[in-house]
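> sequence and predicted structure, then a few things I'm wondering about:
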Amino acid sequence: MLDARATILDVANLKTVFNTRDGMVHAVNHVSFSLAPGELLGIVGESGSGKSVTMMSLLKLLPMPPAEIEDGDIIFDGRDIRAMSDDELRHVRGGEIGFIFQDPMTSLNPVFTVGFQIMEPLRVHMGLNKKAARIRAAELLELVGIPDAGARLKDYPHQFSGGMRQRVMIAIALACDPKVLIADEPTTALDVTIQAQILELIKELRQKLGMAIIWITHDLGVIAEIADRVAVMYAGQIVEHAEVRELFKNPQHPYTRALLETLPDMSGERATRLRSIEGQPPALSKAPSHCEFAPRCGHAFDRCLKENPQRRDVSPDHDVACWWDVKTGEPANV
Amino acid sequence: MFDEARKPLLKVENLKMHFPIFRGILKRQVGAVKAVDGISFEILEGETLGLVGESGCGKSTAGRCVLRLYEVTDGTIELEGQNIASLSGSELRAKRPEMQMIFQDPQASLNPRMTVGSIVAEPLYEHRNMTKLERRARVDELMDAVGLARRFADRYPHEFSGGQRQRIGIARALALNPKFIVCDEPIAALDVSIQAQVVNLLEDLQEKLGLTYLFISHDLSMVRHLADRVAVMYLGKLVELGPSETLYTAPQHPYTQALLSAVPHPDPAKAGNIDRVILQGDVPSPANPPQGCNFCTRCPVAIDICRKDEPEWRQIGEGHFAACHLIE
């Protein structure tokens, strides 16, 4: 899984739990992935699959307690994030790793001007003085496509539309030239025409600035459009991971296959009936002792209910955590 | 696409909903938010009309107006020949059982202090004279119809997942055997794998009970799957309406074209070679719509006349309507 390529971020066996009053919640279970410089890794999953918690764990952004990172290594640019002091961490957060959140209204502070909020990381992380920070902030706003950037620095978040606010968020995340940008459902709250604008912007910025991006979403259409590689999450685990074309052409995990089939097609024949995945995702109150998808899976056999499958390679850039082999139509030989 | 013999169940003409804006100490009216500004359409018996558009375009307001959850500013809404817009209180109440609504957020639209059984039975209390036993039997019937176990009737909404809550909302809407249901983004709050369950349920019920739907959504691919005909709304006005196949394969209005091309395609092999129209800017405020065509500020092909005169809503093909100066 972790190959010899140069990586900027390496996550191995990450396990995050929440100690709640109603017992333990196993939100992230032994998640491993790596990110190469300049690459865009898409993480897809439904709500509660642990995709956001994984990302928050990376930078220890979760309230601890109740959250606890029980196990795993997070190596960013050769340094171990779990071992970092709060001071060192503060330098990484918003500096070397930028964050874009889902809802641009709640993640911008309504009582400060947009200019102040873009200048803040510049002054804290890069030590720029006020004047230099203002010039840079105007450049950033222009970079993300906001017209009349210099004048709009004085405006407050409510004076921007949803799409514009998300552009401001992107400008803040990009302020310190991050090596990695983590985008948590950045277009989910936006309309399709605005989403198309933001996707176009991200593609452009990638070419210009070359940072690596982790893009979290539940929308397979968005993934198809921008990702280089994809990890599919279910019940706190990565169940399948592949290069993007490979994943869409040759999905191996029954969950991935079902997800792709539930989508109505925009072109081509209209299906008479949508395929649905019956049942509900599991509650995650226990550490996985069997395949978490087995109760909803059409291929499940006795082994699926006894052992939790480990990720196995199907081809050099494609692995899947499933006891069933789609190709042979029989249990996998592992 | 739809046969001519079927008669329209609902006929909306020139529907307007303007919300007044008050300012100053004297609370004088200084303007109005033209949420819905003169839309006309028909829905045939047993069909699904999809109503799509971006947030703020007035599609939900239109849906609520059709059920007269608002006092409309102008226009007529005829349900089986009777104008709902002008009915008095008691007449309207008698008409209510025939038209129901399924809401977007099943969390917010179910009372957390009521059991599922009493939520589903509430319309029966209000509109039917039933004994306790009859009511219980009807609730059981409804729970079966939407695929919930009968024993769940004594539980509370928080014990259910989003998809199940939406089923409860659907059961409540069905309680009085309505003819017409407005579905206001019923799947927007659900996960992809659950969305398909709810959509399939809605289709099954339509077939079994002969329901007519107005399906409001911003999910264009789901609307294509569900709707017989689709209406596209922009800034309070309809820009295009047509049979779903025609509209999706050969959209005529520039806004419809841009909207459809903006939907990301779940196939990376095709993603690179889609002719995408990226609209610049944002939707203008409905309190101060642009002069001429509403879409002229973002339209990639607008010409002078678009900024002066409002385009007329006219037929451009069989069952296909649009409002644009540039369509022949």
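Sure, I can see it.

> can you map out the strands along chain A?
For chain A, the strands defined by DSSP state E occupy A:9-20, A:23-35, A:40-44, A:67-76, A:79-80, A:97-100, A:180-184, A:212-217, A:229-234, A:237-243, A:312-315, A:318-320, A:324-325, A:330-331.

> got phi/psi on the residue nearest to residue A:258 when sequence neighbours are not counted?
Leaving aside its sequence neighbours, residue A:258 sits nearest to residue A:277 (C-beta to C-beta, 6 or more residues apart in numbering or on different chains; 4.8 Å). Quick note: C-beta positions are derived from backbone N, CA and C, even for glycine. With angles defined as degrees, to the nearest 10, residue A:277 sits at phi -100, psi 110.

> over to residue B:255?
Torsion angles, degrees, to the nearest 10, at residue B:255: phi -70, psi -40.

> burial count for it?
29 (other C-beta atoms under 10 Å in any protein chain shown).

> which one of the strands of chain A lies closest to residue B:69?
Of all the strands of chain A, it is strand A:212-217 that lies closest to residue B:69, at 33.9 Å by C-beta to C-beta.

> do the closest one and chain B come into contact?
No. Between strand A:212-217 and chain B, judged by C-beta under 8 Å from any C-beta of the partner chain, nothing touches; the nearest distance is 9.7 Å.

> how far off strand A:23-35 does that strand point, in degrees?
In terms of direction (axes from the mean of the first three to the mean of the last three C-alpha atoms, to 10 degrees), strand A:212-217 departs from strand A:23-35 by 140 degrees.

> what comes up buried for strand A:212-217?
Under the neighbour-count criterion of 16 or more other C-beta atoms under 10 Å in any protein chain shown, strand A:212-217 has A:212-217 buried.

> just the C-alpha atoms of it, please, in PDB.
Extracted in PDB, the C-alpha atoms of strand A:212-217 (Å, rounded to 0.1, in the frame of the first residue of the first chain):
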ATOM      1  CA  ALA A 212      -1.000  18.100  -2.900                       C
ATOM      2  CA  ILE A 213      -4.700  18.000  -2.100                       C
ATOM      3  CA  ILE A 214      -6.900  15.700  -0.100                       C
ATOM      4  CA  TRP A 215     -10.500  16.200  -1.300                       C
ATOM      5  CA  ILE A 216     -13.300  14.700   0.900                       C
ATOM      6  CA  THR A 217     -16.700  14.300  -0.700                       C
END
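
> what's the mean pLDDT across it?
Averaged across strand A:212-217, pLDDT comes to 92.

> stretch B:320-328 now?
For stretch B:320-328, mean pLDDT rounds to 90.

> need the pLDDT of the residue nearest to residue A:258.
pLDDT recorded at residue A:277 is 81.

> that one reaches residue B:200, doesn't it?
No. The pair residue A:277 and residue B:200 does not pass the contact test of C-beta atoms under 8 Å, sitting 11.4 Å apart.

> between those two, who's got more neighbours?
Neighbour count, other C-beta under 10 Å: between residue A:277 and residue B:200, residue A:277 has more, with 23 against 15.

> can you map out the strands along the stretch 101-250 of chain B?
Along the stretch 101-250 of chain B, counting by DSSP state E, counting those that start in this stretch, strands occupy B:180-184, B:212-217, B:229-234, B:237-243.

> may I have the shortest one exported as PDB, CA atoms only?
Spelled out, that is strand B:180-184. Extracted C-alpha coordinates of strand B:180-184, given in PDB (Å, rounded to 0.1, in the frame of the first residue of the first chain):
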ATOM      1  CA  PHE B 180     -51.500  15.300  -5.300                       C
ATOM      2  CA  ILE B 181     -48.200  15.400  -3.300                       C
ATOM      3  CA  VAL B 182     -45.600  18.100  -3.400                       C
ATOM      4  CA  CYS B 183     -42.200  16.600  -2.600                       C
ATOM      5  CA  ASP B 184     -39.900  19.400  -1.600                       C
END
